[in-house]
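Visitor: no sequence on hand, only this structure:
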């Protein structure tokens with residue numbers, strides 16, 4: 001039981017912590033609004049839970065290696081390029097202004113959901129989790145540990161950034177937005193390359 005939970009924790013943090021599109025966007029939002037950063041993370045986690053449900057019903061195994069993967073890869077790449085564009089164009093927004101007055105939280109949530117749902121690496125990750133879960137004696141605890149790790153990361157990481165944003169100048173924050181857009185473009189182009197190479 002304890003071992004399975006610990007394995008889930010390691011797997012969850014291993015998936016959540018590395019610098020990828022979701023973390024870059026969460027960090028970007030956290031410099032302006034903790035609520036938006038949190039909603040972005042919750043949206044991403046909801047997509048993960050959706051794939052977890054697909055695993056439980058055996059659906060994810062059916063789409064492994066099919067044209068579905070190529071379709072979501074292309075859609076995911078295009079969505080990343082769109083997010084890179086919006087991040088770049090909003091890089092000079094004043095971080096002290098609560099942009100859109102928090103009224104677009106649902107829209108941010110859906111961005112997080114779609115970005116994760118259209119990520120082919122997410123599909124691969126959950127297929128791997130399904131394989132590990134089948135081998136684990138107490139796979140329920142593995143899943144609980146995994147979800148706990150992801151949830152704690154998306155709550156605490158943006159909170160730390162939001163609480164310390166006053167330590168950074170506007171120029172540094174604008175540069176981070178520029179860096180974020182470059183990272184998103186890179187991920188988008190890599191995905192497209194993986195489909196058409």
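Guide: Sure thing, it's come through. The model shown is predicted, which means the values in this text are computed figures rather than measured ones.
Visitor: flag the shaky bits of the chain, pLDDT-wise.
Guide: Across the chain, the ranges flagged by pLDDT under 70 are 1-2, 60-66, 91-103, 132-138.
Visitor: mind listing the helices for it?
Guide: Using DSSP state H, the helices of the chain run over 2-16, 21-30, 34-56, 59-63, 67-89, 105-117, 120-135, 139-164, 170-196.
Visitor: could you say which of those helices is packed most deeply?
Guide: Compared across the helices of the chain, helix 21-30 shows the largest average neighbour count, a mean of 23 (mean count of other CB atoms under 10 Å). (Each C-beta comes from the backbone N, C-alpha and C, glycine too.)
Visitor: and the angle from that helix to helix 139-164?
Guide: With axes from the mean of the first three to the mean of the last three CA atoms, to 10 degrees applied, the angle from helix 21-30 to helix 139-164 works out at 40 degrees.
Visitor: state the distance from the residue nearest the centre of the chain to residue 171.
Guide: By CA atoms, centre = their mean, the chain has its centre lying nearest to residue 22, at 3.3 Å. For residue 22, the distance to residue 171 equals 25 Å [CB to CB, to the nearest Å].
Visitor: ditto for residue 122
Guide: Counting by CB to CB - residue 122 and residue 171 are separated by 34 Å.
Visitor: rewinding a little: hmm, the residue nearest to the centre of the chain is touching residue 42, no?
Guide: No - the pair residue 22 / residue 42 is not scored as a contact, 11.3 Å apart, by CB atoms under 8 Å.
Visitor: spit out the residues that contact the two alike.
Guide: Shared contacts of residue 22 and residue 42 (CB atoms under 8 Å, 6 or more residues apart in numbering): residue 112.
Visitor: please report the distance of the residue nearest to the centre of the chain from residue 170.
Guide: Residue 22 sits at a distance of 25 Å from residue 170 (criterion: CB to CB).
Visitor: contact partners for the nearest residue to residue 85 once chain neighbours are set aside?
Guide: Once flanking residues are discounted, residue 85 sits nearest to residue 181: 7.4 Å by CB to CB, 6 or more residues apart in numbering. Contact analysis of residue 181 by CB under 8 Å, 6+ apart lists 84, 85, 87, 88, 91.
Visitor: got it, and residue 40?
Guide: By CB under 8 Å, 6+ apart, the residues touching residue 40 are 22, 25, 26, 29, 108, 109, 111, 112.
Visitor: can you pull the contacts of the closest residue to the last one other than its chain neighbours?
Guide: What that stands for is residue 112. For residue 112, ignoring the flanking residues on the chain, the nearest one in space by CB to CB, 6+ apart is residue 43 at 2.6 Å. In this structure, residue 43 makes contact with 108, 109, 110, 111, 112, 113, 114, 115, 116, judged by CB under 8 Å, 6+ apart.
Visitor: residue 127: which of the residues you listed is nearest?
Guide: residue 116 (14.9 Å; CB to CB).
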